[in-house]
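Asks: I'd like to go over a predicted model; first the sequence, then the structure.
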Amino acid sequence: MPNTVLKPSQTTTYDLRNREITQILDVLTSNCLRQGTTSSGVDTSALLAFRNTLDKLGQGFALFGRYLACRADLFPISNCLAFGSITDVARPTLFENLGIFFHAQIGRPLLEVYEAFEPEPFQVCTLYQLHCARMYSGVDVVVKIQHPDVQDRLNEVWHHLKNLECVWVALGFAQETFVDVVAHFKAMLTLQMDFLSERENLLVLKDDLQTSEWCRVPTVYPMLCGAKVLTIEGFGGCLNQTQQSDTGEKRLILAHSLCAGWLQQVFHGRVFTTAADLDHIVSLPNETVVFLSGPFFKLSSNTRENIGAYLTSAAQHDPEQACRSLLLEMEATPSACDEKTLRHLFRQVVPFRDGGWGNIGVQDSLPEHIFVHWRLVTEHGYRPRTELLNFLCGLFQVSASAHQLAPDADPFNDALIAYQERLRNDQFQTAFATEQWSDALDKYAGSFSELPQKIDSLLTQAADGDLTLRFHIQEATEHRHMRNTSSVAISLLLLLVAVVLLVYHLTQSGITIVWLEKMGAVVFIMIGSVLLWIIMRSKNSKK
């Protein structure tokens, strides 16, 4: 982090602030050590005190607390929800300084780029602030501008990492866990502050979601974006502000769209977002959900397969397979227990007892099972790999938002089933699409259309007694199976004739089905291939 030269008065304020933070964290550490841990793990009251302290200190500490909200592998769901309620509110950058910063980023004066620009931001966060504006084309947009002094705002939390580590250990967590948590937190912050990466990922998502019925992303205006400035399509307000007036049925539909759209991107798209809390999504009149921002991630094919298998097993209440699939994306530490012990613990999971959503709504939802699974694995010596951790952060945000919208349902489980059914239907339609078969079958169509006449001639000769069929079957003990082979061959031959005559009869009777001859050709090729294989096997056996 770059060092900032401070004036004497600023230095005094800075030192006082640091001493105050150190004192607050030291007191918290002492209190946590005094309370200790309970038989079921970390004391929830100590975690609540930790959450309140991060909220009180604000800025980078508040961001750290909001990040911990995603770590359902470390904390019970109730504590994750408490961390998520920390407010990210910061002092705004003055409009005069903002104009200079914007000009440096875009290369043009701010008031020259937009026909109208609201000088007062409608949202101010630790990293950025949001302004309403209007382009000369008449389109309303939102301008996201990073604070010029954002590094200074974050320096406090980096300066006091050692104090935070003492609190972390006093809470009952391992020091190594804190190192991993801070590393992932820094990686998430780096992506959140990279507006060029966010611009590119929004463009990718825009392309991926063109045909999605569940979700979309705002239009991005690349020429009005820079490393610290982002201009996107404007919407009325976040879902957190609008969902209160919606009916229960509409909230359930929105929750389903949120989960299904996110799952579609995770398993079928190029990138997915982890910013899926109600402050970062909006809804449209057609009950489509709009993801507004990142950070964005992607999964490798192997990780997608393992996570998909895990979700399916968890949804089908198969703890054995769920445990095996999840461990494929975990790393064992020296203190890790064996897989047999974990499978036994998975079979005993009861979300209501082990830490579910609480006393509101469904008490046995799929996300609750998932988060208890992941916390069990972590508590018994396993660490999630980076890709799984990215997925976990997004999953918690999505499922928590869905639960807030529809607490009396299990929208994530329903969305998973709907997505899997849609995927199977798409695969079936693709596999049996007429266009896919046309090129492969056209070359067989000519031969297939001539078969009825040839077979009719063959049967006529047989009826007149002019056809002689010779079957030479060698009877021997070691070749007795040849009789069965010949019987199967004759049966397949008759079946082949029947298929050809049936298709020929249907086409000659005036029934016009576009794919009838092509499907007949497929059946003919399949039966013919099996018949040829049996004949060749019979000849080889004779030799």
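Replies: Happy to help now that I have it.

Asks: show me the contact partners of the strand or helix carrying residue 187.
Replies: Taking DSSP states H and E as the definition, residue 187 sits inside helix 175-192. Residues outside helix 175-192 that contact it (CB atoms under 8 Å, 6 or more residues apart in numbering) are 63-64, 67-68, 71, 74, 127, 154, 161, 164-165, 168-169, 197-198, 274, 294-296, 333, 383, 386, 389, 393. Where C-beta positions appear, they are placed from N, C-alpha and C, glycine not excepted.

Asks: any quick ChimeraX command for the buried ones out of these?
Replies: The buried residues among these can be selected in ChimeraX (16 or more other CB atoms under 10 Å) with this line:
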select :63,64,67,68,71,74,127,154,164,165,168,169,197,198,274,294,295,296,383,389,393
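
Asks: show only the entries of the contacts of helix 175-192 found in strands.
Replies: 296, 383 (DSSP state E).

Asks: which ones among the contacts of helix 175-192 lie within helices?
Replies: Under the assignment DSSP state H, those contribute 63-64, 67-68, 154, 161, 164-165, 168-169, 197-198, 386, 389, 393 to helices.

Asks: for those residues, which one is nearest residue 131?
Replies: The nearest member of the ones in helices among the contacts of helix 175-192 to residue 131, counting by CB to CB, is residue 198 at 16.7 Å.

Asks: let me know the pLDDT of residue 87.
Replies: Residue 87 is assigned a pLDDT of 88 by the prediction.

Asks: surely it is in contact with residue 55?
Replies: Yes: under the criterion of CB atoms under 8 Å, residue 87 makes contact with residue 55 at 6.9 Å.

Asks: higher neighbour count, the two?
Replies: Between residue 87 and residue 55, counted using other CB atoms under 10 Å, the more crowded position is residue 55 (18 against 12).

Asks: check which residues of the helix or strand where the more buried one lies are buried.
Replies: Using DSSP H and E, residue 55 falls within helix 44-57. Buried positions in helix 44-57, judged by neighbour count with 16+ other CB under 10 Å: 44, 46, 47, 49, 50, 51, 53, 54, 55, 57.

Asks: again, but for stretch 224-235
Replies: Across stretch 224-235, burial judged by 16+ other CB under 10 Å covers 224, 225, 226, 228, 229, 230, 231, 232, 233, 234, 235.

Asks: kindly report the same for stretch 189-197.
Replies: Buried-residue list, stretch 189-197, by 16+ other CB under 10 Å: 189, 191, 192, 193, 194, 195, 197.

Asks: give me the below-cutoff pLDDT ranges for the protein.
Replies: Residues of the chain that meet the criterion pLDDT under 70 lie in 1-14, 36-42, 236-246, 351-356, 358-363, 426-543.

Asks: okay, now the domains of it?
Replies: 296-431, 434-542 (automatic domain parsing).

Asks: hang on, the earlier thing: in the helix holding residue 187, what's buried?
Replies: Counting neighbours by 16+ other CB under 10 Å, one finds that the buried residues in helix 175-192 are 177, 178, 181, 182, 184, 185, 188, 189, 191, 192.

Asks: now do that helix: distance to the chain's middle.
Replies: Taking CA atoms, centre = their mean, to the nearest Å, one finds helix 175-192 lying 20 Å from the centre of the chain it belongs to.

Asks: angle of the helix holding residue 55 against helix 161-170?
Replies: Per axes from the mean of the first three to the mean of the last three CA atoms, to 10 degrees, the angle that helix 44-57 makes with helix 161-170 is 160 degrees.

Asks: which strands and helices sit next to helix 44-57?
Replies: In terms of contacts (3 or more CB pairs under 8 Å, 6 or more residues apart in numbering; DSSP states H and E), helix 44-57 is packed against helix 8-35, helix 59-68, helix 77-84.

Asks: show me which of the buried residues of stretch 224-235 is closest to residue 15.
Replies: Nearest to residue 15 among the buried residues of stretch 224-235, with distances taken as CB to CB, is residue 228, at 29.2 Å.

Asks: spatially nearest residue to the closest one (excluding sequence neighbours)?
Replies: residue 146 (4.0 Å; CB to CB, 6 or more residues apart in numbering).

Asks: picking up where we left off before, outside of the helix holding residue 55, which residues touch it?
Replies: 21, 24-25, 28, 31-32, 35, 61-62, 64-65, 75-76, 78-79, 82-83, 86-87, 156, 167, 170-171.
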